[in-house]
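[1] One predicted model, sequence on top.
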Amino acid sequence: MIPAVIEFSFDPAFRLGDIAVRWETLALAFIIVVCVGLAAVIAGRTPAVNQAYPEMGGRERGAWHLRRDDLIYILLAVVPAAVLGGRLGYILIHWDFYSEHLDAWFDPTQGSLELSLAVVFGLMAGYAVAAGLGAPAGRWLHIATVPTLLGLTLGKFVGVLGGSGQGAASTVDWATAYQGAGPWGSLDPATPAHPSQLYEAVLSLLVLGLIVYLPRMGRFRDHDGRVFFAGISLWAIARVEAAFIWRDPEIFGPFRAAQVLALAIAITCFGLFALRAMYTGRTVRAILASRARVGRPATVPAASATGAAYEPAARPVMEPGLGAAPLAPLAEAGAGGGALLVEQAAAAAPAPSVAAMSPIDVPESAAADAVRAAAMAAEAEAHAAEMEARAAEEAAEVARIAAIRAAEDARMADEAAEALRLVAEAEAHEAMLPAEAEEAAALAAAEEIAAQDARERAAAARAAARALPPA
């Protein structure tokens, strides 16, 4: 056996009577608690809406910052999804075994979890729950970046406590081996091997440092989730690098199965980063163009520690060159108010505060303010005319519908009158039937009497004829 420079021979489990818990498990539980607490702290300091561009969406749901109770629901989805993804990843990596032992798929005592797919499944579940709650999912991704990378980094460091993640056998001076009964987290722990779990931990720590440094240098100020995709992409690349000395067999050139998964994650996250960056860029340009059309400043005041700058009442829309007067009089002026605003701007407008405005918002003169005010007044008049035309169209449509309903009501009234007339005729006919029957009976009786008289006269004539002597 090759002697190892660094040997560990401690008991990997904390024992209390018949209870034994691995030190690595206890350390991982502590790391999870720390990372969740860190996420809650960052959530309490992150505004619920974009600081520079509130028009990008989002809303304050009872507080100016992200709600910490949303974090509970997100975690309730992330944890089981991560376990499911980790188990599926482990099965895929060791498919040669699990394809023949299907009963071992759901056996928690057989095998372990794979980290890459655990991160992916947890990400998808958390994003879906945040979006379902109506919370800004992109901002939650932003605050989850540092806690997630911290947990991944510390989780690899504590792998030393359980002998997990040992790499290929090696004779380097820093090779590690684990002696004693264990149980240890790697096969053949007594053989000196690369401490690949520490390699990955150091690389992940470098990624974490870079991700913490970039926002402090003014990057990712929009809090739209790009930093999360950047961090996970870099972490996946670090994992690919560390996996070159793993014990797993190569399946595609020099790459192992875990490396293929990590490469796929890195490429996907890089694509999501690019898509998110393009979407945010288009949105910001549209917002700036919209502000320029109505003469609003290109920037908004920074939020205070309590988030007061995000309250609508504390963020009035100002017209450059008109001092602190809000734009409400312009809306109230309506049609014909443009000339009055031009006069006020040209004659009595105070000088704008250059220190409080962005360079692109500083007017050159009062004449420029007057021109801008006139343009805004014309825009207001056009908007009022458009609203009047729309109201007229809506009134005409209402009148047309009312006319159609009136015609329908008239037709139904005619049908009802015709039905009533037919009923009256039927009733009158029924009322006339007894009188007609009596008249017919009387006529029949008179005809019978006349016939009887005729018969009697005929009989009398015959009798008289018989009484005459023969000729």
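    Nice, thanks for sending it over.

[2] what's the single longest helix in the chain?
    helix 366-467 (DSSP state H).

[3] The residue nearest to residue 187 when sequence neighbours are not counted and residue 256: what is the separation?
    Counting by Cβ to Cβ, 6 or more residues apart in numbering, residue 187 lies nearest to residue 247, which is 7.6 Å off, once chain neighbours are set aside. (C-beta placed from N, C-alpha, C; glycine too.) With distances taken as Cβ to Cβ, to the nearest Å, residue 247 is found 9 Å from residue 256.

[4] try residue 163
    Distance from residue 163 to residue 256, by Cβ to Cβ: 20 Å.

[5] So which of those two has more stuff around it?
    residue 163 (26 against 19; other Cβ atoms under 10 Å).

[6] Please work out the average pLDDT along stretch 75-85.
    Averaging pLDDT along stretch 75-85 gives 93.

[7] again with stretch 198-205
    The average pLDDT for stretch 198-205 rounds to 94.

[8] what's that stretch in contact with?
    Residues from elsewhere that reach stretch 198-205 (Cβ atoms under 8 Å, 6 or more residues apart in numbering): 149, 152-154, 156-157, 159-160, 165, 167, 235, 238-239, 241-243, 245.

[9] Just the buried residues out of those residues, in PyMOL syntax.
    Restricted to buried positions by 16 or more other Cβ atoms under 10 Å, the PyMOL selection for those reads:
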select buried, resi 149+152+153+154+156+157+159+160+165+167+235+238+239+242+243+245
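
[10] Inside helices: which ones of the contacts of stretch 198-205?
    Short answer: the contacts of stretch 198-205 in helices (DSSP H) are 149, 152, 153, 154, 156, 157, 235, 238, 239, 241, 242.

[11] Widest-spaced pair of the residues you listed?
    154 and 241 (19.1 Å; Cβ to Cβ).

[12] pLDDT weak spots in the stretch 301-450 of the chain?
    301-372, 433, 435 (pLDDT under 70).

[13] can you rerun that using 80?
    Low-confidence segments of the stretch 301-450 of the chain (pLDDT under 80): 301-381, 383-384, 424-441.

[14] what do you get for the stretch 101-250 of the chain?
    108-111, 180-182, 185, 222.

[15] how about the strands in it?
    Ranges of strands within the stretch 101-250 of the chain are 176-178, 250-252, based on DSSP state E, counting those that start in this stretch.

[16] gap between the first one and the chain center?
    Looking back up the chat, that one is strand 176-178. 48 Å (Cα atoms, centre = their mean, to the nearest Å).

[17] Kindly report the same for the last one.
    In terms of Cα atoms, centre = their mean, the centre of strand 250-252 is set 39 Å apart from its chain centre.

[18] Check which helices and strands it sits against.
    In terms of contacts (3 or more Cβ pairs under 8 Å, 6 or more residues apart in numbering; DSSP states H and E), strand 250-252 is packed against helix 257-294.

[19] Tell me what angle the helix it packs on forms with helix 366-467.
    For helix 257-294 against helix 366-467, the angle by axes from the mean of the first three to the mean of the last three Cα atoms, to 10 degrees is 90 degrees.

[20] What are the buried residues along helix 257-294?
    257-263, 265-266, 269-270, 272-273, 276-277, 280, 283-284, 287-288, 291.

[21] So residue 10 lies in a strand, does it not?
    No - Residue 10 is assigned coil when assessed by DSSP: H, G, I helix; E, B strand; the rest coil, not a strand.

[22] so how far is residue 19 from it?
    Taking Cβ to Cβ, one finds residue 10 at 18 Å from residue 19.

[23] Could you do residue 420 as well?
    Remark: distance between residue 420 and residue 19 (Cβ to Cβ) = 93 Å.

[24] what helix or strand does residue 44 sit in?
    Using DSSP states H and E, residue 44 maps to helix 23-45.

[25] what pLDDT, on average, does that helix get?
    92.

[26] Going by neighbour count, list what's buried in it.
    Buried, per 16+ other Cβ under 10 Å, within helix 23-45: 23-24, 27-28, 31-32, 35-36, 38-40, 42-43.

[27] Which one of those residues is nearest to residue 452?
    The closest of the buried residues of helix 23-45, once distances to residue 452 are taken by Cβ to Cβ, is residue 43, at 120.3 Å.

[28] tell me the contacts of that closest one?
    Neighbours of residue 43 in contact, by Cβ under 8 Å, 6+ apart: 65, 66, 67, 68, 70, 71, 140, 143.

[29] which residues touch the residue nearest to residue 140 when sequence neighbours are not counted?
    Leaving aside its sequence neighbours, residue 140 sits nearest to residue 130 (Cβ to Cβ, 6+ apart; 4.7 Å). Residue 130 is in contact with 70, 74, 136, 137, 140, counting by Cβ under 8 Å, 6+ apart.

[30] Count the residues that sit near residue 89.
    23.

[31] What separation do you get for it and residue 26?
    24 Å.

[32] Can you read off the backbone torsions of residue 7?
    phi -120, psi 140 (degrees, to the nearest 10).

[33] let me fix that: residue 14
    According to degrees, to the nearest 10, residue 14 has phi -90, psi 120.

[34] For burial, what's the neighbour tally of it?
    Residue 14: 12 surrounding residues under other Cβ under 10 Å.

[35] wait, doesn't it sit right on residue 20?
    Yes - Residue 14 is within contact range of residue 20, at 7.1 Å (criterion: Cβ atoms under 8 Å).

[36] OK, contacts around the residue nearest to the spatial centre of the chain?
    What sits nearest the mean C-alpha location of the chain, by Cα atoms, centre = their mean, is residue 131, with 3.6 Å. Neighbour list for residue 131: residue 137 [criterion: Cβ under 8 Å, 6+ apart].

[37] what about residue 275, distance to residue 268?
    11 Å.

[38] How about residue 260?
    Residue 260 is 13 Å from residue 268, by Cβ to Cβ.

[39] in stretch 190-210, what counts as buried?
    191-201, 203-205, 207-208.

[40] If you could redo that for stretch 110-117, that was the one I meant.
    Quick answer for stretch 110-117 (16+ other Cβ under 10 Å): 111, 113, 114, 115, 116, 117.

[41] Among those residues, which one sits closest to residue 448?
    Among the buried residues of stretch 110-117, residue 117 lies closest to residue 448 (Cβ to Cβ), at 113.9 Å.

[42] In which helix or strand does the residue lying closest to the closest one once chain neighbours are set aside reside?
    Nearest non-adjacent residue to residue 117, counting by Cβ to Cβ, 6+ apart: residue 89, 3.3 Å away. Assigned by DSSP H and E, residue 89 belongs to helix 68-93.

[43] Determine how far that helix lies from the middle of the whole chain.
    Distance, centroid of helix 68-93 to centroid of chain: 19 Å (Cα atoms, centre = their mean).

[44] After it, heading C-terminal, what element do we hit next?
    Going down the chain from helix 68-93, the next helix or strand is helix 95-98, by DSSP H and E.

[45] Looking at that next one now, give me its mean pLDDT.
    For helix 95-98, the per-residue pLDDT averages 85.

[46] Check stretch 54-71 too.
    Here the average pLDDT along stretch 54-71 is 73.

[47] distance between the ends of it?
    22 Å (Cα to Cα, to the nearest Å).
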